[in-house]
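**Q** What shape does this take:
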Amino acid sequence: MSSDEDKDFSEESSTDLLPTDFNSNRNYIFSCHVSENLRQIISLFLIVANFISINCGVIFIILSWYVRNSQTKQITFLQDYYQLQSVPAILLVSGIAIVLASLLGVKAAVGSRRIEDLDEAKSAAFYLFIYLVASGAVVLLVAVATFTLFGDIRVLRGALGKGLKDSMERYSRDKNVKEKIDLLQINYSCCGVEGYKDWYHVSWVDVKYLDKYDSVISSSLKGNKYYGKDVPFSCCNRDTNRPCVDTRIEDITYHSMYNYPIDLTLNTIGCRDALTNFLGHTIMLGVGLFAFLCLILWVAIMIITRYLHTSIKSMSLGNSPVGWLIPFRTKKETETSSTSSDSASDELIYSQEDSD
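**A** Numbers count the residues shown, from 1 in each chain. Now for the predicted structure:
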């Protein structure tokens, strides 16, 4: 007896959800009939994709901290010329949004797997609509994060050039800046902004430590500033065998067995390129590519969710479960529909007159 009642209920439920217009998909762009099996597959895909996306969101949050920490280490050279908090902030917001939207997506996808009556169809359509809106917000945030990461590489390079040049000018006056520059040049095996010759144009040595009676030194004095062909010790190349030549670099008579520039013992790469390669090309570009992959994933999720939502929405209205991306009706179809409606109205009027 119980099995017969269940059978009658299932038949009644399936009858309620039977399509009333199998040709309704002709009014939509990129439409398809979403069968029961296809709906199960789409729902399962969304569940798996959202669990993957939760991990993406967590990685976004971790990357936010990593980018912020990497940039903060070079704050001496960036703080006056670059917005240090912009990239970490958008990564953090995007990560939180991805996690929350993914949890909502799991709820919506699970609810869309089992639909037995119109009320459940309406409930599933409601949650899928909310998730669709959340997906759009996530796509927007991740897109902004992606383009910001790619675009900031050039901005970062310009900011580093200005910040490094300003710091070099303060080398002889600010102990903290001096320490930062020396550590930078040692750790990144670089020298100056574009190269070691940048130090020729900076008064980085206090004149009180110089022998003003030396003819070479006195000829390099301009007022109370010294502009010699010398560089800080931190510019020395660690891979050279001979003692480092960091003073009177181009004077081959001052050093024994020294032939400039063949025997150059300095780092030749500029610190702007070294830092840009690390902060820009390694970190920003790497994180940007990851964000781009997440963007592709979420665009795919959004499109599939759209098909699932519209098909279930159609079911909730008692129509065929047709999924589509964009609603569309051609002008010809509209005129035909209008003509058919007018014809039906005329027939009704004529029939009433005949009856009278």
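**Q** what's the offset of the helix or strand harbouring Ser102 from the middle of its chain?
**A** For Ser102, the host element (DSSP states H and E) is helix 86-113. Averaging C-alpha positions (Cα atoms, centre = their mean, to the nearest Å) puts helix 86-113 14 Å from its chain's average.
**Q** what's it packed up against?
**A** Under the contact definition 3 or more Cβ pairs under 8 Å, 6 or more residues apart in numbering; DSSP states H and E, helix 86-113 sits against helix 36-72, helix 118-169, helix 285-316. Placement of C-beta: from N, CA and C, glycine included.
**Q** got the angle between the second one and helix 36-72?
**A** Pointing back at helix 118-169 there. 20 degrees (axes from the mean of the first three to the mean of the last three Cα atoms, to 10 degrees).
**Q** Just after helix 118-169, pick out the following helix or strand.
**A** Taking DSSP H and E, what comes next after helix 118-169 is helix 175-187.
**Q** any idea how far Ile90 is from the spatially most central residue of the chain?
**A** Most central in the chain under Cα atoms, centre = their mean is Thr146, positioned 2.7 Å from the mean C-alpha point. Taking Cβ to Cβ, to the nearest Å as the measure, Thr146 falls 10 Å from Ile90.
**Q** Asp174 now?
**A** 32 Å.
**Q** who's more crowded, these two?
**A** Per other Cβ atoms under 10 Å, whichever of Asp174 and Ile90 has more neighbours is Ile90, with 20 against 14.
**Q** which ones are touching the residue nearest to the more buried one when sequence neighbours are not counted?
**A** Setting aside the residues directly before and after it, Ile90 is nearest to Ala145 in space (Cβ to Cβ, 6 or more residues apart in numbering), at 4.8 Å. Residues counted as contacts of Ala145 (Cβ atoms under 8 Å, 6 or more residues apart in numbering) are Phe60, Val87, Ile90, Leu91, Ser94, Ala291.
**Q** which one among those residues gets closest to Arg242?
**A** Of all the contacts of Ala145, Arg242 sits closest to Val87, with 42.8 Å by Cβ to Cβ.
**Q** and that closest one, how many neighbours does it have?
**A** 24.
**Q** What is the least confident helix or strand in this protein?
**A** helix 2-16 (a mean of 42; mean pLDDT, DSSP states H and E).
**Q** re the thing from before, give me the buried positions along the helix holding Ser102.
**A** Judged by neighbour count using 16 or more other Cβ atoms under 10 Å, the buried positions of helix 86-113 are 87-88, 90-99, 101-112.
**Q** just stretch 263-280 next, same as before
**A** By 16+ other Cβ under 10 Å, the buried positions in stretch 263-280 come out as 264-267, 269-277, 279-280.
**Q** And that stretch, how far out from the chain middle?
**A** The answer for stretch 263-280 is 27 Å, by Cα atoms, centre = their mean.
**Q** how long is it from one end to the other?
**A** End-to-end distance of stretch 263-280 (Cα to Cα, to the nearest Å): 32 Å.
**Q** With stretch 203-223 instead?
**A** With Cα to Cα as the measure, stretch 203-223 spans 11 Å from end to end.
**Q** Give the buried residues for that stretch.
**A** Those would be Ser203, Trp204, Val205, Ile217, Ser220, for stretch 203-223 by 16+ other Cβ under 10 Å.
**Q** quick one: which of those residues sit in helices?
**A** Using DSSP state H, the subset of the buried residues of stretch 203-223 located in helices is Ile217.
**Q** and which of the buried residues of stretch 203-223 is nearest Ile296?
**A** Among the buried residues of stretch 203-223, and counting by Cβ to Cβ, the member closest to Ile296 is Trp204, at 48.7 Å.
**Q** how about the residue lying closest to the closest one once chain neighbours are set aside, phi and psi?
**A** Nearest non-adjacent residue to Trp204, counting by Cβ to Cβ, 6+ apart: Tyr171, 4.3 Å away. The phi and psi torsions at Tyr171 (degrees, to the nearest 10) take the values phi -60, psi -40.
**Q** Number of residues surrounding Tyr171?
**A** As a burial measure, Tyr171 scores 20 neighbours (other Cβ under 10 Å).
**Q** Next: Val287.
**A** Neighbour number of Val287 under other Cβ under 10 Å is 22.
**Q** pretty sure it is touching Ile90, no?
**A** No. Taking Cβ atoms under 8 Å as the definition, Val287 is not a contact partner of Ile90, at 11.0 Å.
**Q** Give the residues shared as contacts by these two.
**A** With Cβ under 8 Å, 6+ apart as the test, Val287 and Ile90 reach no residue in common.
**Q** can you tell me how far the residue nearest to Trp204 sits from Asn259?
**A** 29 Å.
**Q** ok, now which ones touch Tyr82?
**A** So Tyr82 contacts Gln71, Val155, Leu156, Ala159, Leu160, Gly163 (Cβ under 8 Å, 6+ apart).
**Q** Repeat that for Leu92.
**A** Counting by Cβ under 8 Å, 6+ apart, Leu92 touches Phe60, Ile61, Ser64.
**Q** Nearest to Lys122 among those residues?
**A** Phe60 (33.8 Å).
**Q** Now the closest one. Nearest residue, chain neighbours left out?
**A** Gly95 is the one closest to Phe60 (Cβ to Cβ, 6+ apart), at 3.1 Å.
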